[in-house]
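Trainee: Turn this into a structure:
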Amino acid sequence: MSEKEEKNEENDDIEAEIMADLEDLDNELDDAIHEEDTNELSDSEDEPSEPSDQEEEIEEDGIKSNDQEINEPESDIPAEEGESEDLIEDLDEVGESEEESEQESPISSDELKSDAEDEQSKKKNIVEGALFVAGRPISVEELNIKTEIKKRELEEILNELAMDYLMRSTALEIVQIQDKYSLQIKPEYTPNVKKFASGGLIPDKHLKTLTIIALKQPILKSTLVKIRGSGAYDHVKFLLDRGFIETYKKGRSHEIITTDQFADTFGLSRDIQTLKKQMVTQLGINDSKKDN
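Mentor: Residues are numbered from 1 along each chain as shown. Predicted structure coming up:
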């Protein structure tokens, strides 16, 4: 074999070795790559891969939303408790307001009742004052006109006043004389207080006419006029207004007698004959003069 052929054969062997080495290296690289891929796949299954920025934001939003979802019940629970407490407080306030309204209702009712009582008491005082100022018997009709209080109310008030004075320890009383009412001194106190009356209980001229009527009762008005003159008409009206006398139609004139109020006012007997005797004794006159 020539030198050239030997050299060519040597080159072929070297080339074959190189190719074998390259092939082995290539196989090793393939194995290494395959092993690395297998490891990466295994790692990806075992450990999550690092998320991208967008994925991190998404995950953070998800975590936040999850946290909110988790925290919301926790925050709702106190809120519900707070609302419950507020509701309880509202209910307590409602209960208290209802209790206050229940407590205020009787008060309001009492106030209305008190106002009505005050009004009734005022009317009562007006009637009492009217009787006192008048100093004579007053009819319900006259009281109705001058006080503008209804007649039915006046009758109730007068009866209450009469009962009030009856129950009191007082020298005054309210008596009814026919259809009139009078505030006067009780008979047992009349002798003790009549001397304090200004000008007497009644004016002298009227008192003289009344004395004649009391001593000569029953007496006709016409007879009284002959004794006392024409002024007797006014005297009779005055005495009638004050409830000291009563008149009855008799023929063309009127017959006059004294009333129980007259007897009570002057501390005399209500029996006419006994009353006459008492007056005769008090006035110091004899029977013959009385009869004349």
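Trainee: Can you report how many residues neighbour residue 244?
Mentor: Other residues near residue 244 come to 27 when the count uses other CB atoms under 10 Å. From N, CA and C alone the C-beta is placed, and that goes for glycine too.
Trainee: Let me see the backbone angles for it.
Mentor: Listed backbone geometry of residue 244 is phi -80, psi -20, with angles given as degrees, to the nearest 10.
Trainee: Isn't it up against residue 260?
Mentor: No. In this structure, residue 244 sits apart from residue 260 without contact. The criterion is CB atoms under 8 Å, and the distance is 10.1 Å.
Trainee: Contact partners for residue 264?
Mentor: When the contact criterion is CB atoms under 8 Å, 6 or more residues apart in numbering, the partners of residue 264 are 175, 184, 186-187, 190, 270.
Trainee: With residue 244 instead?
Mentor: Under the criterion of CB under 8 Å, 6+ apart, the neighbours of residue 244 are 202, 210, 258-259, 261-262, 265.
Trainee: Strands of this protein, start to end?
Mentor: Remark: strands of the chain, listed N- to C-terminal, are 138-139, 172-177, 180-185, 219-220, 245-250, 253-258; assignment by DSSP state E.
Trainee: So which of the ones you listed is nearest residue 128?
Mentor: Ranking those by their distance to residue 128 (criterion: CB to CB) puts strand 180-185 first, at 7.1 Å.
Trainee: Adjacent strands (with direction) for that closest one?
Mentor: The pairing partners recorded for strand 180-185 under DSSP bridges are strand 138-139 (antiparallel), strand 172-177 (antiparallel).
Trainee: can you list the residues that contact the last one?
Mentor: Residues from elsewhere that reach strand 172-177 (CB under 8 Å, 6+ apart): 131, 137, 158, 161-162, 165-166, 181-186, 243, 259-261, 264.
Trainee: what's the distance between residue 15 and residue 21?
Mentor: 11 Å (CB to CB, to the nearest Å).
Trainee: quick one: pLDDT of residue 44?
Mentor: Here, the pLDDT recorded for residue 44 equals 53.
Trainee: Next: residue 144.
Mentor: If you check residue 144, the pLDDT there is 93.
Trainee: Hmm, it is touching residue 152, no?
Mentor: No. Using CB under 8 Å, residue 144 is not in contact with residue 152, being 9.7 Å away.
Trainee: hmm, back to that, as a markdown table, the contacts of residue 244 with distance to residue 114 and neighbour count would be great.
Mentor: Shown next, in a markdown table, are the contacts of residue 244 (distance: CB to CB, whole Å; neighbours: other CB atoms under 10 Å):
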| residue | distance to residue 114 | neighbour count |
| --- | --- | --- |
| 202 | 42 | 20 |
| 210 | 46 | 23 |
| 258 | 45 | 24 |
| 259 | 41 | 20 |
| 261 | 37 | 24 |
| 262 | 42 | 23 |
| 265 | 38 | 22 |
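Trainee: Residue 285: how many residues sit nearby?
Mentor: Residue 285 has 13 neighbouring residues, counting by other CB under 10 Å.
Trainee: Quick check: bridge partners of the closest residue to residue 131 other than its chain neighbours?
Mentor: Excluding its sequence neighbours, the residue lying closest to residue 131 (CB to CB, 6 or more residues apart in numbering) is residue 183, at 3.8 Å. When bridges are taken as DSSP bridges, the partners of residue 183 come out as residue 174.
Trainee: mind checking pLDDT for residue 183?
Mentor: 86.
Trainee: again with residue 186
Mentor: 80.
Trainee: Wait, it touches residue 169, no?
Mentor: No. Checked against CB under 8 Å, the pair residue 186 and residue 169 is beyond contact range at 10.7 Å.
Trainee: out of those two, which sits in the more crowded spot?
Mentor: Set residue 186 next to residue 169 and count neighbours by other CB under 10 Å: residue 186 wins out with 16 against 4.
Trainee: For that one, list the residues it contacts.
Mentor: Contact partners of residue 186, counting by CB under 8 Å, 6+ apart, are 170-173, 264.
Trainee: Of these, which count as buried by neighbour count?
Mentor: Among these, the ones that count as buried by 16 or more other CB atoms under 10 Å are 173, 264.
Trainee: Show me which of residue 144 and residue 152 is the more surrounded one.
Mentor: Neighbour comparison, residue 144 and residue 152: the larger count goes to residue 144, with 16 against 10 (by other CB under 10 Å).
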